[in-house]
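Chemist: The amino acid sequence is not available; the structure is as follows:
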Ligand SMILES: Nc1nc2c(ncn2[C@@H]2O[C@H](COP(=O)(O)OP(=O)(O)OP(=O)(O)O)[C@@H](O)[C@H]2O)c(=O)[nH]1
């Protein structure tokens, strides 16, 4: 069985486990035995090297000599950014693939992760170290968003029944976490309505708030009538277009998705549609190589992305590929051309692969909060968006933007990224997200 199965996700409605601590201890003992008995497969450098050579129409251009780079006076911010990218690319190529997560102590992190999994009806025998590790990472990553927010929220809720004054304070806390006006209003309406029906104590108010936030995050799913978990359909071509503005993490997300797909047993191919930035192809190759995934690219500068997609669809067909991931350029300065280019890519896909299941995923950087959201919506028409990937939740103080994304775009959040590692991306789960957003430290 593949190491991570996209389909084995819990349903949030499932009943909570009765004894969380016993559950956690059982899960911990199992994982410990598992780790001591049979070491999980480690993705070694040798293994990655043994994987089939990445297919590309021409050798990538060698990166500039870093020593020469150092001697050049860096005169503009753009040049500084380019130099930084090159540096990052060089270190990315040298980094060994990250080892499998290891089981830590039976500490507060483990207990919290275990509680979140148990509350979703998971049995202690079902969980993996990877899931525990991810949840701990998500909670830690969202600490900045929680700072002040949760402590103050709990203080405001206090021991007394909820009052109009505490509602006002909750309102400003939600807005500060970049939850957005619409989502905040809806949350307050719900609390107010319940308050008018009778005394509402702090625990109940927190529970109600969590439920409201979960429902808001899930609303785009029910509105669009789509399944909560996005996974490619087996034995058929799925094409996922990855779009978004500069630097939000498209290429990284694509690399992580390719890895997730391979680990879940899908055949996968990558199309390097970001032909604008030369280094983007190399960056993609490094990521794809780690998962043994082929990259289809066109070596000529400023090649037509639609032509790359054309070639990639042909290659996907001949190799019976199940998931074709398409990277796209994200420059803002030539917005109009970019949108035309995207629309053209989309037309090519629809024409050449009418049988394919197409997803158009907008990548948003959580650290930009709602600012990024407005810019990014320009993509909606050109790319016929179907979902969102929210990146950089680690270290962002604006993780609440997920709620604004759901309310303002009406698009379901499909994946979230909380780190720069290849496994730091997981399918979005509203239950886990809200628990991490409102976790007590
Ligand atoms: N901390 C953190 N960093 C991330 C995450 N996702 C991406 N990054 C970083 O964000 C930076 C930009 O990522 P890219 O993947 O190059 O972004 P892009 O959207 O492809 O950029 P362009 O090609 O310029 O449009 C890189 O340094 C990534 O390592 C994340 O979830 N967390």
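Modeler: Structure received. Quick caveat: nothing in here was measured; it's all calculated off a predicted structure. Residues are numbered from 1 along each chain as shown.
Chemist: Walking through this protein, point out its strands one by one.
Modeler: 238-243, 268-273, 294-296, 323-328, 357-365, 387-391, 413-417, 425-427 (DSSP state E).
Chemist: so what strands line up beside the fourth one?
Modeler: Which is strand 323-328. Paired strands of strand 323-328, with direction, are strand 238-243 (parallel), strand 268-273 (parallel) (DSSP bridges).
Chemist: Next: the fifth one.
Modeler: Based on DSSP bridges, the pairing partners of strand 357-365 within the sheet are strand 238-243 (parallel), strand 387-391 (parallel).
Chemist: Can you add mean neighbour count and give these back as JSON lines?
Modeler: (Glycine included, C-beta is placed from N, CA and C.) Converted to JSON lines, the strands paired with strand 357-365 look like this (neighbours: other Cβ atoms under 10 Å):
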{"stretch": "strand 238-243", "mean neighbour count": "25"}
{"stretch": "strand 387-391", "mean neighbour count": "26"}
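Chemist: Of these, which is nearest residue 137?
Modeler: Ranking the strands paired with strand 357-365 by proximity to residue 137 (Cβ to Cβ) places strand 387-391 first, at 13.6 Å.
Chemist: distance between that closest one and the chain's centre?
Modeler: 6 Å (Cα atoms, centre = their mean, to the nearest Å).
Chemist: Give me the contact list for it.
Modeler: For strand 387-391, the surrounding residues in contact (Cβ atoms under 8 Å, 6 or more residues apart in numbering) are 230, 242, 248-249, 252-253, 359-366, 401-402, 405, 409, 411-417, 425, 428.
Chemist: residues near residue 290, how many?
Modeler: 23 (other Cβ atoms under 10 Å).
Chemist: any idea how far it lies from residue 423?
Modeler: 11 Å (Cβ to Cβ, to the nearest Å).
Chemist: Residue 411 too?
Modeler: 24 Å.
Chemist: which residues are common contacts for residue 290 and residue 423?
Modeler: residue 259.
Chemist: just checking, residue 216 touches residue 410?
Modeler: No: counting by Cβ atoms under 8 Å, residue 216 stays clear of residue 410, with 11.3 Å between them.
Chemist: Compute the number of surrounding residues for the closest residue to residue 210 other than its chain neighbours.
Modeler: Once flanking residues are discounted, residue 210 sits nearest to residue 434: 5.1 Å by Cβ to Cβ, 6 or more residues apart in numbering. Using other Cβ under 10 Å, the number of residues around residue 434 comes to 23.
Chemist: Out of the strands paired with strand 357-365, which gets nearest to the ligand?
Modeler: strand 387-391 (4.1 Å; Cβ to the nearest ligand atom).
Chemist: rewinding a little: higher neighbour count, residue 216 and residue 410?
Modeler: residue 216 (23 against 13).
Chemist: tell me the pLDDT at the closest residue to residue 258 other than its chain neighbours?
Modeler: For residue 258, ignoring the flanking residues on the chain, the nearest one in space by Cβ to Cβ, 6+ apart is residue 293 at 4.6 Å. pLDDT for residue 293: 96.
Chemist: how many neighbours does residue 293 have?
Modeler: So residue 293, with other Cβ under 10 Å, has 27 neighbours.
Chemist: Could you number the chain from 48 rather than 1 from now on?
Modeler: All set: I'll call the first residue 48, so the last point we hit is now residue 340.
Chemist: Quick one: name the residues of the stretch 148-297 of the chain near the ligand.
Modeler: 291, 293-297 (Cβ under 6 Å from any ligand atom).
Chemist: any idea of the mean pLDDT in the longest helix seen in the chain?
Modeler: In the chain, taking DSSP state H as the definition, the longest helix is helix 249-271. Helix 249-271 shows a mean pLDDT of 90.
Chemist: rewinding a little: would you list the strands of the chain in JSON lines and tack on distance to residue 67?
Modeler: Converted to JSON lines, the strands of the chain look like this (distance: least, Cβ to Cβ, whole Å):
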{"stretch": "strand 285-290", "distance to residue 67": "37"}
{"stretch": "strand 315-320", "distance to residue 67": "37"}
{"stretch": "strand 341-343", "distance to residue 67": "45"}
{"stretch": "strand 370-375", "distance to residue 67": "37"}
{"stretch": "strand 404-412", "distance to residue 67": "33"}
{"stretch": "strand 434-438", "distance to residue 67": "28"}
{"stretch": "strand 460-464", "distance to residue 67": "24"}
{"stretch": "strand 472-474", "distance to residue 67": "22"}
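Chemist: Cool, thanks, signing off.
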